[in-house]
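Asker: Please find the sequence and the predicted model below.
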Amino acid sequence: MDRRPHRGEVLGEAFVSRLAGWYAAARRDLPWRRTRDPYRIWLSETMLQQTRVDVVVPYYERFLARFPDVGALAAADEADVLREWAGLGYYARARNLHRAAAAVVRDHSGELPREAGALAELPGVGRYTVGALRSIAFGQRAAVVDGNVKRVFARLRARNLSDTEVWRLAESMVPDAAPGDWNQALMELGATVCTPRKPSCLLCPVTSFCAALAQGEPERFPAPAKRAAVRAVRALAGVVTRRGRVLLVRRPSRGLLGGLWELPNVEGGDGSALLREVFERTGVRASRGPSLGRLRHQFTHRDLALEVVRLEDAGGRLARGARAAARFCSAADLERLPLSRLAKKALALHRPM
Ligand code: SF4
């Protein structure tokens with residue numbers, strides 16, 4: 001990998017060529033590394049945010065089979081996009097991808113723009129994704145910084161670096177030739193060798209540059225970030241059935257699990273609050289039945305304890321109105337609608353899916 005040294009650089013030419021050589025030999029063969037199609041790279045980079053590679057691969061392949069290009073994604077219903085995403089979590093990524101695809105078709109003739117400014121205007125495309133698309137898809141000299149890059153640099157320097165410092169360092173090192181490979185080399189080192197716990201320093205290609213290793217305790221860097229407190233939340237969900245169909249409601253488009261379907265539920269409330277919620281939300285009257293079971297579900301900042309109860313249908317027409325994103329669903333509907341993992345777990349207490 002050719003590169004010119006840049007002013008202010010501390011980790012120099014030898015570091016770059018050592019890491020680049022290692023990446024050429026050790027890189028994992030991943031589906032998105034076999035393409036230069038900007039749409040596919042964009043999709044993979046979006047899915048990989050907050051999600052492990054082994055989890056992403058099958059989702060990536062299924063998503064592409066369903067939406068093979070930007071035009072197909074832009075033309076899809078949001079519910080179909082969310083269904084393909086269901087289980088991957090962080091659903092705002094899917095909603096933004098869908099909105100961004102529509103913007104690409106509307107404003108850029110269906111081609112992802114190459115300029116940083118135009119990319120950054122797309123919903124859900126932040127500094128990381130701009131750098132990844134510019135370098136990996138378009139071969140432009142642009143840096144990326146993710147958690148892996150931050151950790152590798154903190155250990156090489158044996159100190160915690162601010163985001164500004166990490167970006168500056170990353171930007172100073174990107175070569176003119178194959179910038180995408182270089183960025184992936186740094187991230188690959190962090191993902192496979194310089195891991196958060198027990199880094200494999202014996203296998204590391206850049207040990208001689210590593211100040212943290214020289215100090216003997218690489219894991220001390222970076223200092224653990226303060227985690228936001230996890231809130232314990234209690235909720236009650238109800239199963240109402242009518243002619244073999246189960247009542248589901250659609251969550252508002254924005255926010256946690258936005259746009260996904262689930263059993264009607266209330267947080268922190270009792271049985272009467274749930275019955276009220278079912279009626280106000282759907283127009284269906286019900287009475288409380290037996291408990292079907294309890295489950296726990298962990299969100300990033302919430303530890304949810306959910307009890308699922310059967311509700312006996314007492315009639316009432318399904319409301320049609322602003323809040324009435326509600327329907328009685330057949331087994332086929334349950335296959336077709338986007339359901340979160342939590343909703344599937346809750347439904348499984350009623351009937352194994
Ligand atoms: Fe990370 Fe160890 Fe390599 Fe240093 S020597 S960069 S701590 S894997």
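Answerer: Ah, there it is. Residues are numbered from 1 along each chain as shown.
Asker: can you give me the helices for the stretch 251-353 of the chain?
Answerer: Using DSSP state H, counting those that start in this stretch, the helices found in the stretch 251-353 of the chain span residues 271-282, 331-336, 341-350.
Asker: Those helices: which one's closest to residue 49?
Answerer: Distance to residue 49, taken as Cβ to Cβ, is lowest for helix 341-350 among those, at 17.9 Å. In this view, the C-beta of every residue, glycine as well, is placed from N, C-alpha and C.
Asker: what helices or strands is that closest one leaning on?
Answerer: Other helices and strands packing on helix 341-350, by 3 or more Cβ pairs under 8 Å, 6 or more residues apart in numbering; DSSP states H and E, are strand 231-242, strand 245-250, strand 261-262, strand 286-298, strand 302-313.
Asker: wait, which of those strands is closest to residue 19?
Answerer: Per Cβ to Cβ, nearest to residue 19 of those: strand 286-298, 35.5 Å.
Asker: Please list the outside residues in contact with the closest one.
Answerer: Applying Cβ atoms under 8 Å, 6 or more residues apart in numbering, the set of residues contacting strand 286-298 from outside is 230, 238-240, 271-272, 274-275, 278-279, 303-314, 341-342, 345-346, 349-350.
Asker: 7 Å - rerun?
Answerer: Around strand 286-298, the neighbours that count as contacts under Cβ atoms under 7 Å, 6 or more residues apart in numbering are 238-240, 271, 275, 278, 304-314, 342, 345-346, 349-350.
Asker: picking that back up, mean neighbour count and mean pLDDT added to the helices of the stretch 251-353 of the chain, as TSV?
Answerer: As requested, the helices of the stretch 251-353 of the chain are exported to TSV (neighbours: other Cβ atoms under 10 Å; pLDDT from 0 to 100):
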stretch	mean neighbour count	mean pLDDT
helix 271-282	18	94
helix 331-336	13	92
helix 341-350	19	94
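Asker: Report the separation between residue 105 and residue 229.
Answerer: 42 Å (Cβ to Cβ, to the nearest Å).
Asker: nope, residue 299 is what I was after
Answerer: 13 Å.
Asker: and what of residue 284?
Answerer: For residue 284 relative to residue 229 (Cβ to Cβ), the value is 37 Å.
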